[in-house]
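>>> What shape does this take:
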Amino acid sequence: MPLTPYQIFEIASLAILVTILVLDLLLVVKRPHVPSMKEATAWVVFYVSLALIFAGVLFVMGDAEHAGEFVTGWLLEYSLSIDNLFVFIIILSRFAVPKEMQQRVLMIGIMIAIVLRGIFIVVGVQIIESFSWVFYIFGAYLVYVAWKQAFGGEDEAGEKDNFVVRMLKKRVNVTDTWNGGKATVRLDGVKYFTPFLMVILALGTTDLLFAIDSIPAIFSVTTDPFLVFACNIFALMGLRQLYFLLGGLLDRLVYLHYGIAAILGFIGIKLVLHAMEANELPFINGGQPIEWVPHIETWHSLVVILVSMVVATVASLIRIRIVGKRTGDTSLHIGPSEAELGADGHYHIVDAMGTTFYRPLRVEHNATGTLTVVDAHGKQAPVADFSEDVVREAAREDMDPQDLEELRRRIRDGREFDERDDRQV
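Below you'll find the predicted structure:
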């Protein structure tokens, strides 16, 4: 039996998506680094454009209904993924993940999320096909999650030592020493598990919780397994770059969780109404569908998602402006949190004493055999006063490549520099 155009599109799309994910993973493994603002922005734009092209192809194929469902489902999953990102930031911060390791950790966390959501999609579709009344449960659960999101406290997923990590620590040797990207290290002949494994476990359990939330939500838009999976893939693919792009801004979008709560609450109510439309439970309306229930179209969901996120974001930005006028700091703090955008439009880094050094900066070596950071205003300080990763990244972005290479040559040739100074640049 020949394949339909839609089936060919499914196969081709999945092949392209898997290829992109594999290449992205190889890039992270081969070249672990902290992405610059330019790099992170380019990747986010690429993935968003890819999603829009995907929707456009569906529309051109004459499948406007599926195209609309994909756009709505993608935006829904993207908004829920931003909520996931908040918890990722908490976990990486509390485990003090080195900057150069964060890309790898995030990529592994995202891959776990994709696998878990794939499993949930297959299981969920089977359950829905057999038991339509499950939408009652899905809907009620999402309304509960929405209430918790808006008015509840911090989720256990955001804790450094969640249940799985605590159980593991009781049964195996765990060290605070990072050993690159390895899960174990041998100290004095004894095998220890590193924080790398602890972080992966924390992210994995977090992904499990968010999969339980997001999969029922996407079923309110479409039950097509391919579209559900595509929405999740596209929402998760740019999440790692979004983490580095938004940087310190996420912490300041204080009303964003209310927008996400509004979306979850609406989707929960929509699922309950859908269950009532297709009601088969004998103790509700005699097992007959409830005809007076209003039908919510896909475009209704799209409008609610967009309005909720826009209102929550604008309200947060207004609050930032109000607080900024009081404190004198009206910057958005986009980009890596250690290289924030100051109120005067300059990126800056902060030394161990909390003093601000404005970029662009340069690193110089002097006759005493030490390295010195010189900022845009001529302010100087020893390079050892700054975070190693922050100085390295700032020097790579700010300094002329030839000057930077000359500095590295002098460090290699000199005998008076210690190992830390050498690593800094």
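
>>> if you skip the residues just before and after it, what's nearest to residue 35?
residue 244 (4.7 Å; CB to CB, 6 or more residues apart in numbering). No exception for glycine: its C-beta is placed from N, CA and C like everyone else's.

>>> got the buried residues for the helix or strand residue 381 falls within?
Following DSSP states H and E, one finds residue 381 within strand 380-382. Going by neighbour count (16 or more other CB atoms under 10 Å), the buried part of strand 380-382 is residue 381.

>>> elements contacting the helix or strand following that strand?
Once the chain leaves strand 380-382, the next helix or strand it forms, by DSSP H and E, is helix 388-398. When contacts are defined as 3 or more CB pairs under 8 Å, 6 or more residues apart in numbering; DSSP states H and E, helix 388-398 packs onto helix 99-130, strand 348-350, strand 362-365, helix 419-424.

>>> By mean pLDDT, show me the worst of the ones you listed.
Of all the helices and strands packed on helix 388-398, mean pLDDT reaches its minimum on helix 419-424 (a mean of 42).

>>> can I get the helices and strands packed on helix 388-398 in CSV with mean neighbour count and distance to residue 15?
Formatted as CSV, these follow (neighbours: other CB atoms under 10 Å; distance: least, CB to CB, whole Å):
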stretch, mean neighbour count, distance to residue 15
helix 99-130, 18, 15
strand 348-350, 20, 43
strand 362-365, 18, 45
helix 419-424, 14, 42
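
>>> Any chance of the ones you listed in TSV with distance to residue 86 as columns?
Formatted as TSV, the helices and strands packed on helix 388-398 follow (distance: least, CB to CB, whole Å):
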stretch	distance to residue 86
helix 99-130	13
strand 348-350	23
strand 362-365	34
helix 419-424	31
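
>>> Which one, of the ones you listed, ends up nearest to residue 261?
Among the helices and strands packed on helix 388-398, helix 99-130 comes nearest to residue 261, with 20.8 Å by CB to CB.

>>> tell me the angle of the closest one relative to helix 388-398?
90 degrees (axes from the mean of the first three to the mean of the last three CA atoms, to 10 degrees).

>>> Put the alpha carbons of the next helix or strand after helix 99-130 into CSV.
On the C-terminal side of helix 99-130, the closest following helix or strand by DSSP H and E is helix 134-151. Only the C-alpha atoms of helix 134-151 are listed here, as CSV (Å, rounded to 0.1, in the frame of the first residue of the first chain):
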residue,chain,number,x,y,z
VAL,A,134,-9.8,9.9,31.0
PHE,A,135,-10.1,13.6,29.9
TYR,A,136,-12.0,14.2,33.1
ILE,A,137,-9.0,13.1,35.0
PHE,A,138,-6.5,15.0,32.8
GLY,A,139,-8.6,18.1,33.0
ALA,A,140,-9.0,18.0,36.8
TYR,A,141,-5.3,17.3,37.3
LEU,A,142,-4.3,20.3,35.1
VAL,A,143,-6.7,22.6,37.0
TYR,A,144,-5.0,21.4,40.2
VAL,A,145,-1.5,22.1,38.7
ALA,A,146,-2.6,25.5,37.6
TRP,A,147,-3.8,26.3,41.2
LYS,A,148,-0.5,25.1,42.6
GLN,A,149,1.5,27.1,40.0
ALA,A,150,-0.3,30.3,40.9
PHE,A,151,-0.6,30.0,44.7
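
>>> same for helix 134-151, what does it pack against?
Helix 134-151 packs on helix 99-130, helix 195-218, helix 256-277, going by 3+ CB pairs under 8 Å, 6+ apart.

>>> switch to 6 Å and redo it
Secondary-structure packing of helix 134-151 (3 or more CB pairs under 6 Å, 6 or more residues apart in numbering; DSSP states H and E): helix 195-218, helix 256-277.

>>> what's the following helix or strand after the longest one?
Right, helix 195-218. Next in sequence after helix 195-218, counting helices and strands by DSSP H and E, comes helix 225-237.

>>> could you say what helices and strands that next one packs with?
Short answer (3+ CB pairs under 6 Å, 6+ apart): helix 225-237 packs on helix 64-94, helix 99-130.

>>> and with 10 Å instead?
helix 5-30, helix 37-60, helix 64-94, helix 99-130, helix 195-218 (3 or more CB pairs under 10 Å, 6 or more residues apart in numbering; DSSP states H and E).

>>> Now do the same for residue 376: its pLDDT.
We have a pLDDT of 72 for residue 376.

>>> Which helix or strand in this protein has the lowest average pLDDT?
helix 419-424 (a mean of 42; mean pLDDT, DSSP states H and E).

>>> what about residue 288, how many neighbours?
11 (other CB atoms under 10 Å).

>>> swap in residue 230?
Residue 230: 25 surrounding residues under other CB under 10 Å.

>>> need the contact list for it.
Residues near residue 230 by CB atoms under 10 Å, 6 or more residues apart in numbering: 10, 13-14, 17, 51, 54-55, 58, 66, 70, 73-74, 77, 222, 224.

>>> before we move on, what about residue 284?
Applying CB under 10 Å, 6+ apart, we find residue 284 in contact with 133, 136, 275-276, 290.

>>> How much space separates it from residue 1?
41 Å (CB to CB, to the nearest Å).

>>> cool, and residue 129?
Distance from residue 129 to residue 1, by CB to CB: 22 Å.

>>> hang on, the earlier thing: closest to residue 358 out of the helices and strands packed on helix 225-237?
helix 37-60 (16.0 Å).

>>> how about the closest one: buried residues?
So for helix 37-60, counting by 16+ other CB under 10 Å, buried means 37, 40-41, 43-44, 47-48, 51, 54-55, 58-59.

>>> Tell me the one of those residues nearest residue 381?
Closest to residue 381, out of all of the buried residues of helix 37-60 and judged by CB to CB, is residue 37, at 23.7 Å.

>>> Tell me how far that closest one lies from residue 49.
Distance from residue 37 to residue 49, by CB to CB: 18 Å.

>>> same thing with residue 16?
14 Å.

>>> With residue 402 instead?
Noted for residue 402: a distance of 34 Å to residue 49, by CB to CB.

>>> how about JSON lines for the helices and strands packed on helix 134-151, with mean pLDDT, mean neighbour count and distance to residue 301 added?
Output for these, formatted as JSON lines (pLDDT from 0 to 100; neighbours: other CB atoms under 10 Å; distance: least, CB to CB, whole Å):
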{"stretch": "helix 195-218", "mean pLDDT": "82", "mean neighbour count": "21", "distance to residue 301": "10"}
{"stretch": "helix 256-277", "mean pLDDT": "90", "mean neighbour count": "22", "distance to residue 301": "7"}
